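# Sequence below, structure please.
(chains A and B)
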Protein chains: 2
Amino acid sequence: MVGIGPGDWRELTLRAVEALEAADVIVGYTLYVELIRPRLPGKEFRATGMRGEVERCKLALELARSGRSVAVICSGDAGVYGMAGLVCELIGDAPVEVEVVGGLTAATSGAALLGAPLGHDFAVISLSDQLTPWEVIERRLQCAAMGDFCVALYNPASRHRPDALRRACDALLRYAKPETVCGVARNIGRAGEATRLMTLLELSDYPADMFTTAYVGNSATRVIGGRMVTPRGYRDV
Amino acid sequence: MVGIGPGDWRELTLRAVEALEAADVIVGYTLYVELIRPRLPGKEFRATGMRGEVERCKLALELARSGRSVAVICSGDAGVYGMAGLVCELIGDAPVEVEVVGGLTAATSGAALLGAPLGHDFAVISLSDQLTPWEVIERRLQCAAMGDFCVALYNPASRHRPDALRRACDALLRYAKPETVCGVARNIGRAGEATRLMTLLELSDYPADMFTTAYVGNSATRVIGGRMVTPRGYRDV
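Predicted structure coming up:
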């Protein structure tokens, strides 16, 4: 299970590169396979479409059981909304060796572009209600704001949920101030990479797409020199 | 600002390696300098001691202002309880170019060793009350448990706070069940790397040290095939 980070080959760890080079076959979602294929000429790839997660992991296990060494690639980290858990579930107690190779998840790779928005305690919340009831998501948003956490919001929008980010901001606004410092990062590590700073109130109207990650500051987050910074609280600064 | 991940050189990203190789001088906490020094023979290093964060960042800025290219190394990710925010604060509006190069933070690198404990929405909370009042930490723990988040606990103990983890578990136990699946990872990516699974009640008695990261599951987290797994919720598994 290999996390390939945000998309740029340079953001892979040395260990992830080794794992991909050592694998007999690499299995992944079409978009991510196309991202790394040019770097691994001659390698066997098996690409499956969007929402094909269960099928993809079953294919990987089938290949592994036939004696082949398989790398399942995930964007970001394989354990954060990735396939690592699903593969563990499918394996159960069966004698298949699994290694999870970490990758940079969007929370930290996008944060790096904005400055240091997650410099103190933070929560990572996906706004996709594909596998999670919206009521659970909404409650987590409210609890995160109640605890004055910084928040990284994954999957803030899709064609089927154009208003997810607005509804999420409404939930956060029950406890967080409208002027809370927020930011967005788009196409992290890929063509069209861009960031923007705004308030929580402005974020609720931001036209996010599926390549956007949003960052909500805590009550101490500030804009310093054009960067979004959540201070840890050092004295004498 | 370069995150060097958990400690093993193979866990650095290609971009982090490039940044370190390109820097004129590398500044960091003594322990982390010693971890990477063997990989960069001939490089100039400036090591400062523990709790020397402000001094270290001021030194780095002084070197940068004198025209040198400086890499400040942080364990894990530079933006997660790292120096990135502090450097941004110290720079303010001054014309110093800063780039944050992401690294694997313990939440994800330790999770990879345990299986997939952070497979759904999660919170990252430091138990260090060095810079944060304990009341704030306690409130965040309670809000995280109230929201049924998975939680990664950083800095669960130190010589001066031997009971921090027990007190944290007490706070979580106000909303989470005693049998909640938990795990710990010690010395991630270094000599003596080890993991262990336990319940939340057992975690409250666990003798954590400063090289431990603890993982608390959500209400759906299970032990599957000896691994700690928080299911995303895929059907047909």
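
# Please list all residues in contact with the closest residue to residue A:25 other than its chain neighbours.
Of all residues not flanking residue A:25 in the chain, residue A:44 sits nearest, at 4.5 Å (CB to CB, 6 or more residues apart in numbering or on different chains). Where you see a C-beta, it was placed from the backbone N, CA and C, and this is true even at glycine. Contacts for residue A:44 (CB atoms under 8 Å, 6 or more residues apart in numbering or on different chains) come out as A:24-26.

# separation between the residue positioned nearest the centre of chain A and residue B:102?
Centroid-nearest residue in chain A: residue A:106, 4.1 Å away (criterion: CA atoms, centre = their mean). Residue A:106 is 10 Å from residue B:102, where distance means CB to CB, to the nearest Å.

# and what of residue A:177?
From residue A:177 across to residue B:102, the span is 29 Å (CB to CB).

# and if you look at residue A:58?
32 Å.

# which of those two has more neighbours?
residue B:102 (33 against 17; other CB atoms under 10 Å in any protein chain shown).

# Do I have it right that that one meets residue A:108?
Yes - between residue B:102 and residue A:108 there is a contact under CB atoms under 8 Å: 5.2 Å.

# Next one: the residue lying closest to residue A:109 once chain neighbours are set aside relative to residue A:17, how far apart?
Using CB to CB, 6+ apart and skipping the chain neighbours, the partner closest in space to residue A:109 is residue A:6 (4.4 Å). Counting by CB to CB, the separation of residue A:6 from residue A:17 is 15 Å.

# Compare those two and say which one has the larger neighbour count.
Comparing residue A:6 with residue A:17 by other CB under 10 Å, the one with more neighbours is residue A:6, at 26 against 20.

# What about the more buried one? Give its phi and psi, please.
With angles defined as degrees, to the nearest 10, residue A:6 sits at phi -70, psi -20.

# Going by residue numbers, what spans are helices in chain A?
With helices called from DSSP state H, chain A shows them at A:14-22, A:30-36, A:53-65, A:84-91, A:106-114, A:134-146, A:164-172, A:200-203.

# can you list the ones you listed in TSV and add mean pLDDT?
Compiled in TSV, the helices of chain A are given as follows (pLDDT from 0 to 100):
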stretch	mean pLDDT
helix A:14-22	98
helix A:30-36	95
helix A:53-65	96
helix A:84-91	96
helix A:106-114	98
helix A:134-146	98
helix A:164-172	97
helix A:200-203	98
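
# if you compare those, which one is most tucked away?
Neighbour counts (mean count of other CB atoms under 10 Å in any protein chain shown) averaged over each of the helices of chain A peak at helix A:106-114, with a mean of 28.

# From the contact counts, what lies against that helix?
Here helix A:106-114 touches strand A:150-154, strand A:181-186, strand A:194-199, strand A:212-216, going by 3 or more CB pairs under 8 Å, 6 or more residues apart in numbering or on different chains; DSSP states H and E.

# would you list those strands in a markdown table and tack on distance to residue B:184?
Listed next are those as a markdown table, based on distance: least, CB to CB, whole Å:
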| stretch | distance to residue B:184 |
| --- | --- |
| strand A:150-154 | 24 |
| strand A:181-186 | 32 |
| strand A:194-199 | 35 |
| strand A:212-216 | 29 |
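
# so which of the ones you listed gets nearest residue A:168?
strand A:150-154 (6.2 Å; CB to CB).

# ok so, going back, quick check: neighbours shared by residue B:102 and residue A:108?
Common neighbours of residue B:102 and residue A:108 (CB under 8 Å, 6+ apart) are B:3, B:77, B:79.

# Report the buried members of those.
B:3, B:77, B:79 (16 or more other CB atoms under 10 Å in any protein chain shown).

# hang on, the second one packs against residue B:106?
Looking back up the chat, that one is residue B:77. No - using CB under 8 Å, residue B:77 is not in contact with residue B:106; the gap is 9.0 Å.

# Just the terminal-to-terminal distance for stretch A:221-231.
7 Å (CA to CA, to the nearest Å).

# buried ones in that stretch?
Buried residues in stretch A:221-231, counting neighbours by 16+ other CB under 10 Å, are found at A:221, A:223-224, A:227-231.

# What of stretch A:202-213?
For stretch A:202-213, a neighbour-count test (16+ other CB under 10 Å) marks A:203-204, A:206, A:208, A:211-213 as buried.

# So which of those is the closest to chain B?
residue A:213 (12.9 Å; CB to the nearest CB).

# show me what contacts the closest one?
A:106-107, A:110, A:152-154, A:156, A:184-185, A:188.
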